[in-house]
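[1] got a structure for you, letters missing:
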Ligand code: HEM
């Protein structure tokens with residue numbers, strides 16, 4: 001990792017994989033600390049991997065790390081336990097269930113716009129904390145949508161860079177990424193001795209407990225009514241009545257979730273539900289600040305609606321904005337790749353590489369930001385438009401419908417009110433910063449209310 005610059009030079013994974021691909025070809029081997037990865041990037045090979053779910057399962061690297069930091073997160077589960085968890089969680093994020101959240105997304109965006117209007121309403125000011133502001137916005141939305149809970153990240157008094165919960169979540173992620181590079185036994189000791197991490201977990205757990213307690217104060221009747229549309233109502237309904245008895249059953253026969261499992265899923269969803277979408281929003285801000293012509297085209301598409309709150313159908317009908325968002329996910333997918341484990345030998349069709357029970361990782365080509373490519377139908381299935389921002393195998397993103405709708409609604413609301421301006425080469429250079437997502441390394445934009 002020192003050689004490649006992940007450690008020391010902080011080279012982000014997307015750039016590293018592109019550099020190695022140029023040097024070594026479409027399939028190459030890479031050691032991530034103690035773990036061996038085979039990186040695969042040819043489109044046909046990636047499609048083959050995603051289509052052969054019986055051969056490629058969730059990567060052990062995820063499972064090992066999650067066993068240390070959150071053994072009950074859906075993304076680290078397999079077999080009957082995965083089924084037990086996913087049947088409770090994934091229905092809540094299907095397209096038919098999420099339209100109801102558009103108003104919440106608009107309300108929260110308006111709160112952020114008001115904050116900017118009240119405290120930073122000078123179009124020559126350069127905003128250097130757009131990452132933190134976006135994280136606070138997306139956390140607030142996810143708190144309401146998933147947990148019916150006001151996380152208060154958009155409150156006036158929290159307009160400083162970080163509030164308690166975002167800070168704790170960042171430490172949790174940072175530590176999890178760090179221990180992924182260590183041998184397991186050292187990672188275990190590191191986590192026990194790391195006071196900052198333990199403090200962060202206590203803060204997060206306190207929030208999770210408060211959310212569960214708030215839900216438990218609802219009557220059983222209202223919870224039953226809401227359990228098909230509210231994640232927290234569904235999770236609390238699934239709480240096992242007799243945990244000790246359930247623990248004696250084989251995994252296949254277990255019903256419901258224990259309290260620890262509910263809290264594990266809440267933590268996982270809290271991170272998955274805000275972090276990549278906020279990264280996508282920050283990229284949107286950066287890209288728009290650099291491309292005024294794209295911004296104008298989005299605004300033209302919105303002009304007939306003036307400042308009106310748009311319905312889901314109206315949001316769906318915005319074709320050009322769709323192209324921009326698809327291009328954004330293709331150009332800078334917030335997650336650098338998908339990690340899978342080969343369960344039997346396989347041969348990749350395009351490169352002809354023979355794989356023998358190891359890992360596959362998929363990364364993406366970076367080229368030009370050009371939303372119009374999606375207006376040309378013949379481009380739809382070509383290499384140029386390939387985008388797997390939400391993964392594609394067993395563990396592909398369950399929140400993707402929601403994330404797409406959420407991001408589009410946020411972009412609509414922001415573009416109805418304001419224009420992003422380029423803060424200049426010193427602060428708005430772009431580049432990449434690797435955290436749990438890929439973020440712009442330098443982002444500084446002016447905000448001009450229209
Ligand atoms: C722009 C936004 C998002 C991006 C780019 C994204 C990306 C991804 C990717 C690439 C994976 C697959 C990882 C793998 O295959 O190993 C994934 C999984 C997952 N995502 Fe998302 N995600 C986004 C938003 C969300 C949201 C809003 C939620 C909230 C519900 C969510 C919940 C999940 C969950 C629970 C999984 C694990 C699914 C499983 O293990 O079966 N994601 N996401």
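    Arrived safely. Remember, predicted model here, so these are calculated numbers, not experimental data.
[2] ok, and the closest non-adjacent residue to the most centrally placed residue in the chain?
    Residue closest to the mean C-alpha point of the chain, counted by CA atoms, centre = their mean, is residue 276 at 2.6 Å. Distances taken as CB to CB, 6 or more residues apart in numbering put residue 334 closest to residue 276, at 4.1 Å, once the chain neighbours are dropped. Placement of C-beta: from N, CA and C, glycine included.
[3] Am I right that the one you found is in a strand?
    No: assessed by DSSP: H, G, I helix; E, B strand; the rest coil, residue 334 does not belong to a strand; its assignment is coil.
[4] Can you name the residues that contact it?
    Residues near residue 334 by CB atoms under 8 Å, 6 or more residues apart in numbering: 275, 276, 277, 279, 280, 283, 389, 437, 438.
[5] Look at whatever residue of the chain ends up closest to the ligand and say how many residues are nearby.
    Nearest residue of the chain to the ligand, counting by CB to the nearest ligand atom: residue 399, 2.2 Å away. The number of residues packed near residue 399 is 21, by other CB atoms under 10 Å.
[6] how far away is it from residue 205?
    Using CB to CB, to the nearest Å, residue 399 is found at 22 Å from residue 205.
[7] May I ask you to confirm that the residue nearest to the centre of the chain is in contact with residue 435?
    No: applying CB atoms under 8 Å, one finds residue 276 not in contact with residue 435, separated by 10.5 Å.
[8] for the stretch 101-250 of the chain, what spans make up the helices?
    102-119, 130-147, 164-180, 184-193, 195-216, 220-226, 231-237, 243-247 (DSSP state H, counting those that start in this stretch).
[9] swap that for the stretch 301-450 of the chain, sorry
    Using DSSP H, counting those that start in this stretch, helices in the stretch 301-450 of the chain cover 312-316, 319-331, 400-417.
[10] helices or strands up against the first one?
    In terms of contacts (3 or more CB pairs under 8 Å, 6 or more residues apart in numbering; DSSP states H and E), helix 312-316 is packed against helix 400-417.
[11] so how far is the helix it packs on from its chain's centroid?
    Going by CA atoms, centre = their mean, to the nearest Å, the spacing between the C-alpha centre of helix 400-417 and its chain's C-alpha centre is 15 Å.
[12] other SSEs contacting it?
    helix 95-98, helix 102-119, helix 130-147, helix 259-290, helix 292-302, helix 312-316, helix 319-331.
[13] hmm, 7 Å instead?
    If contacts are counted by 3 or more CB pairs under 7 Å, 6 or more residues apart in numbering; DSSP states H and E, helix 400-417 sits against helix 95-98, helix 102-119, helix 259-290, helix 292-302, helix 312-316, helix 319-331.
[14] wait, what's in contact with the closest residue to residue 187 other than its chain neighbours?
    Distances taken as CB to CB, 6+ apart place residue 179 nearest to residue 187, at 3.9 Å, with adjacent residues excluded. Counting by CB atoms under 7 Å, 6 or more residues apart in numbering, residue 179 makes contact with 65, 68, 187, 190, 191.
[15] Tell me which of the helices and strands packed on helix 400-417 sits nearest to residue 128.
    helix 259-290 (11.9 Å; CB to CB).
[16] tell me the mean pLDDT over that closest one?
    Mean per-residue pLDDT for helix 259-290: 95.
[17] next one: stretch 315-324 to chain centre, how far?
    With CA atoms, centre = their mean, you get 21 Å for stretch 315-324.
[18] repeat for stretch 125-135
    Put simply, stretch 125-135 sits 18 Å off its chain's centre (CA atoms, centre = their mean).
[19] That stretch vs the ligand: in contact?
    No: Stretch 125-135 lies out of reach of the ligand by CB under 6 Å from any ligand atom, never closer than 11.5 Å.
[20] Tell me the residues on the stretch 301-450 of the chain that lie near the ligand, please.
    334-335, 338-339, 389-391, 395-399, 402-403.
[21] Make TSV out of the residues you listed and add pLDDT.
    Conversion of these to TSV gives the following (pLDDT from 0 to 100):
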residue	pLDDT
334	91
335	89
338	81
339	81
389	86
390	89
391	82
395	82
396	87
397	92
398	91
399	94
402	95
403	96
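[22] tell me how far the ends of stretch 347-356 are from each other?
    Stretch 347-356 stretches 9 Å from its first residue to its last (CA to CA, to the nearest Å).
[23] same thing with stretch 24-38?
    This stretch, stretch 24-38, spans 12 Å end to end (CA to CA).
[24] For it, list every residue counted as buried.
    Residues 26, 27, 28, 30, 32, 35, 37, 38 are the ones in stretch 24-38 that count as buried (16 or more other CB atoms under 10 Å).
[25] Just give the nearest non-adjacent residue to the first one, would you?
    Spelled out, it's residue 26. Residue 26 sits nearest to residue 42 (CB to CB, 6+ apart), 4.3 Å away.
[26] ok, how many other residues are close to that neighbour?
    20.
[27] Among the helices of the stretch 301-450 of the chain, show me which one is buried the most.
    Of all the helices of the stretch 301-450 of the chain, helix 400-417 has the most neighbours on average by mean count of other CB atoms under 10 Å, namely a mean of 22.
[28] Give me the distance between the two termini of stretch 180-197.
    15 Å.
[29] so does it get close to the ligand?
    No: using CB under 6 Å from any ligand atom, stretch 180-197 stays clear of the ligand, coming no nearer than 13.5 Å.
[30] so how far is that stretch from its chain's centroid?
    24 Å.
[31] By neighbour count, which bits of that stretch are buried? Give me those.
    180, 181, 182, 187, 191, 194, 197.
[32] Which of those scores worst on pLDDT?
    residue 181 (78).
[33] Angles on the backbone of that one, please.
    Per-residue torsions, residue 181: phi -90, psi -10 (degrees, to the nearest 10).
[34] Right, I'll call it a day here.
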